[in-house]
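> Sharing a sequence plus its predicted fold:
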Amino acid sequence: MSSDLVVIELAGTPGAGKTTVAAAVVQALRTRDLDASSVVAAARPHARRTAVGRIVAKIPHTRVRELSLWYVFYLGSMAHGLAFAIGHRRLVRHVVRAGRARHAAGDAVGRTHATYWFLQLCGRVAFLRATARPGQILVIDDGFLHRAVHLHASTRGTVDRAAVGDYTSLVPAPDLLIRLEVPDELCHVRVRRRGIWAHARHLDDAQLAAYLGSARGAVEEATARAERLGWRTVTIENHGRGVADVVCEVMGALESPANVDAHRHDTQGRGRERLLHVPRPSRVRALAAGRFGAPALAPECVRAVLERYGLPSVSDTYSDLRVGRRSLNAAVATPFGTKVVKQYRPQWTEALVEYGHSVIEHLEQQSFPAVRLSRTPAGGTHVVLDGSVYAVFDFVEGTSYSLNYLRRADRLALARTAGRTLARMHNELDGFVPLGVHHLGFTAPEGARARDVAWHTRRLDGLVARSRADLPVEAAEPARSLIARVETTLETLAALERTLAPVGLPRLVVHGDFGLHNLLFPSPDRAVVVDFESARLDWRINDLVSALGKYRRRDRRYDVESMETFLRAYTECFPLTAVECELFAEVWQLYRTRAAVQYWNSYFETSGPTRKLWSALDALDQAEWAAGRPELLAHLVRTASAQTIRERAS
């Protein structure tokens, strides 16, 4: 699915003027030489870009040609709608349940109507995204967010705000949401004047007023949740003024640095706002090495990879990206924009790279803000050169705040953004199964772990024997410490597996290494996720353990305030289950104990460096920390979840 399409949605109480304003916005954008259209107006031009559409476009008879192109769009939308539904199972289940609830309650809009038109919207938008060209703008007067009205507004005058919030957390975000604000009384007059909907003509004035009040509550709750999720939103009054004045304000919002500028800020936008940050010494050393040191990737290697992708470089020089120890990266200017060439570590096979790339491709289909893959002329996402695996990515404009000194308030703000981003990513990946198997995760949604307790036990026996052999002097001390703790490690693994294996903790595809070091911020309230090497099917809560464990100061004390801020932002978008809250400390302990064995094993598989042995010891220390503080961790997750529940109720 293309990320070239810029989507603008309008929302508001029925009668707020969405259709009128949307048409005027499209016209205003076109007068500025921008390629803007509504869904219906874009249908046939987009259909022409498909293989079938190119054939149909040659039909000489105008009426037959236009009708045929519409059917290409219609059938293509059905196919894309099915793919969307498969990729958004939780959202579809929510919509179906909401439709059934309304139907059972006898509301004006029945289950069939609401569900059918929602799925039609899914397919149409997905089709238009898939066939979009750079710079195209789609203006939708009845988009995903406004469907909260169709699904949750009631002629009884009530609205389930928690359900509306859950729905908003599941739908794809537009580039800009415009909420039109109009008093209910005026909406009532406009609805009666234009003619009430066929399925609701039996409503009297009291019932219609109740429905409009409920619709306003649904829009308010959906917009508030969207703002907490980091959506770009603007509220505009649409009463007591002309359409031209409203459109002028909309255009001002579009031209605002904080909003859409005919580019997708989710993945490629240039953030205008940056936080004050000072790089730590280690960051300075990495930047200096990238600028003045030997290139991480040889220039001839970079050129060879780009040639495989059909991407000629416009310069003989490139920027070295020292963004991590495990992979080598270089930014290169090409005629198609700046690209990043990445060499995967030697242990990463083609199958493992394809596994991670399938996750990235799925997120691209959902328009989630993550790194984007470039493709070879044959459609591949990676190439092999001299035995090494390479991939090319689109360059992401954004600031990395990892390894920087930050003001306290700014660090907490980034923690909130990170928590929301991880929750959105988990929502998008829930139900998705990548291609193949990752050695760090489960083999299937209901399968066993690729590396179970037996694997760890066998591996530890071998690691002890190898660690007692001749090792470099600097590795002797951490190796002795690990050997001394091996019996406790085995007992811990076995006991925790017995406790957690039967529970059935929720599984989905996790990032595996989520934190500031793998986030780029176009602006402080928007983050783009990078580096999916460790993405895998795992317990959802393991990603939270991994992310929260990184909020640790240099003195090894945990930053509990940042942890709670992150968790609260996460649970606003994707609540934890009761069992996850209860067993959080045990999961933390098991996750870190497994990590210790992985680090120890990796030291021998990669022939060092010694820091991996020290990392193994540190992981054991973190596991013991969690084992000694179950009340603290349980309180942390319960407090964050409870506060979110209280806010929803209010």
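It's in. Nothing here was measured: the structure is a model prediction, and the numbers come from that model.

> Quickly note the distance from the spatially most central residue of the chain to Asp543.
Against the mean C-alpha coordinate of the chain, by Cα atoms, centre = their mean, the closest residue is Met425 at 3.3 Å. Computed as Cβ to Cβ, to the nearest Å, the Met425 to Asp543 distance reads 9 Å. In short, each C-beta sits where N, CA and C put it, glycine included.

> Identify the contacts common to those two.
Common neighbours of Met425 and Asp543 (criterion: Cβ atoms under 8 Å, 6 or more residues apart in numbering): His511.

> Could I get the full set of helices for the stretch 501-650 of the chain?
Shown for the stretch 501-650 of the chain, the helices assigned by DSSP state H, counting those that start in this stretch span residues 540-548, 560-573, 578-582, 584-605, 611-627, 630-649.

> Export these as CSV, with columns for distance to Arg228, mean pLDDT and mean neighbour count.
CSV is the format used below for these (distance: least, Cβ to Cβ, whole Å; pLDDT from 0 to 100; neighbours: other Cβ atoms under 10 Å):
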stretch, distance to Arg228, mean pLDDT, mean neighbour count
helix 540-548, 18, 97, 24
helix 560-573, 6, 92, 22
helix 578-582, 21, 92, 16
helix 584-605, 23, 95, 22
helix 611-627, 29, 95, 20
helix 630-649, 9, 72, 16
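
> Which among those is found nearest to Gly12?
helix 630-649 (22.3 Å; Cβ to Cβ).

> ok, back up a step: Ala370 is in contact with the residue nearest to the centre of the chain, correct?
Yes - using Cβ atoms under 8 Å, Met425 is in contact with Ala370, at 7.4 Å.

> any residues in contact with both of those two?
Common contacts of Met425 and Ala370 (Cβ under 8 Å, 6+ apart): 363, 529.

> Surely Leu519 touches Arg526?
No - between Leu519 and Arg526 there is no contact, the gap being 10.0 Å when judged by Cβ under 8 Å.

> Wait, a helix at the residue nearest to the centre of the chain?
Yes - assessed by DSSP: H, G, I helix; E, B strand; the rest coil, Met425 belongs to a helix.

> any idea how far it is from Ile360?
In terms of Cβ to Cβ, Met425 sits 11 Å off from Ile360.

> Overlap in contacts, the two.
Common contacts of Met425 and Ile360 (Cβ under 8 Å, 6+ apart): Ala370.

> Point me to the residue sitting farthest from the middle of this protein.
Residue of the chain lying farthest from the centroid, by Cα atoms, centre = their mean: Asp470 (46.5 Å).

> any weak-confidence spans in the stretch 201-350 of the chain?
Counting by pLDDT under 70, the stretch 201-350 of the chain shows low-confidence ranges at 201-202, 254-273, 287-293, 314-327.

> OK, contacts around the nearest residue to Asp35 once chain neighbours are set aside?
Take Asp35 and drop its neighbours on the chain: the residue closest to it by Cβ to Cβ, 6 or more residues apart in numbering is Gln136, 4.8 Å away. By Cβ under 8 Å, 6+ apart, Gln136 lies in contact with 4-6, 35-37, 42.

> same thing but 10 Å
The contact partners of Gln136, taken as Cβ atoms under 10 Å, 6 or more residues apart in numbering, are 2, 4-7, 34-37, 42, 45-46, 128-129, 262.

> Distance check, it against Thr19.
Note on Gln136: its distance to Thr19, by Cβ to Cβ, is 21 Å.

> Over to Val389?
51 Å.

> more neighbours, the two?
Taking other Cβ atoms under 10 Å, Val389 and Thr19 do not tie; Val389 has more neighbours (19 against 13).

> Tabulate the CA atom coordinates of the helix or strand hosting Leu10 in CSV.
Per DSSP states H and E: Leu10 is located in strand 6-11. Output in CSV follows, covering the C-alpha atoms of strand 6-11 (Å, rounded to 0.1, in the frame of the first residue of the first chain):
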residue,chain,number,x,y,z
VAL,A,6,-2.3,12.6,2.0
VAL,A,7,-5.6,12.0,3.7
ILE,A,8,-7.8,14.7,5.2
GLU,A,9,-10.8,13.7,7.2
LEU,A,10,-13.7,15.8,8.4
ALA,A,11,-15.8,15.0,11.4
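
> from now on call the first residue 378
All set: I'll call the first residue 378, so the last point we hit is now strand 383-388.

> Remind me what it packs against, helices and strands.
helix 395-408, helix 488-507, strand 514-517, helix 524-529, strand 553-558, helix 582-605, strand 610-614, helix 620-632 (3 or more Cβ pairs under 10 Å, 6 or more residues apart in numbering; DSSP states H and E).

> Tell me which of the ones you listed sits nearest to Arg784.
The nearest among those, by Cβ to Cβ, is helix 582-605 at 22.0 Å.

> relative to strand 383-388, how tilted is that closest one?
Note on geometry: by axes from the mean of the first three to the mean of the last three Cα atoms, to 10 degrees, helix 582-605 and strand 383-388 are set 140 degrees apart in direction.

> Could you export helix 582-605 as CSV, CA atoms only?
Output in CSV follows, covering the C-alpha atoms of helix 582-605 (Å, rounded to 0.1, in the frame of the first residue of the first chain):
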residue,chain,number,x,y,z
ASP,A,582,-38.0,16.1,16.9
ALA,A,583,-37.2,14.8,20.4
GLN,A,584,-35.6,11.6,19.1
LEU,A,585,-33.6,13.5,16.5
ALA,A,586,-32.4,16.0,19.1
ALA,A,587,-31.3,13.1,21.4
TYR,A,588,-29.5,11.5,18.5
LEU,A,589,-27.6,14.7,17.6
GLY,A,590,-26.6,15.2,21.2
SER,A,591,-25.3,11.6,21.3
ALA,A,592,-23.5,12.1,18.0
ARG,A,593,-21.8,15.3,19.3
GLY,A,594,-20.6,13.3,22.4
ALA,A,595,-19.2,10.5,20.1
VAL,A,596,-17.3,13.1,18.0
GLU,A,597,-16.0,14.9,21.0
GLU,A,598,-14.7,11.6,22.6
ALA,A,599,-13.2,10.3,19.3
THR,A,600,-11.4,13.6,18.7
ALA,A,601,-10.1,13.7,22.3
ARG,A,602,-8.7,10.2,21.9
ALA,A,603,-7.3,11.0,18.5
GLU,A,604,-5.4,14.0,20.0
ARG,A,605,-4.0,11.7,22.8
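
> before we move on, the earlier item: so the residue farthest from the centre of the chain: helix, strand or coil?
coil.

> For it, give its distance to Val841.
Distance check for Asp847 against Val841: by Cβ to Cβ, it reads 15 Å.

> Go ahead and confirm the residue nearest to the centre of the chain touches Gly889.
No - with contact defined as Cβ atoms under 10 Å, Met802 does not count as touching Gly889 (11.5 Å).
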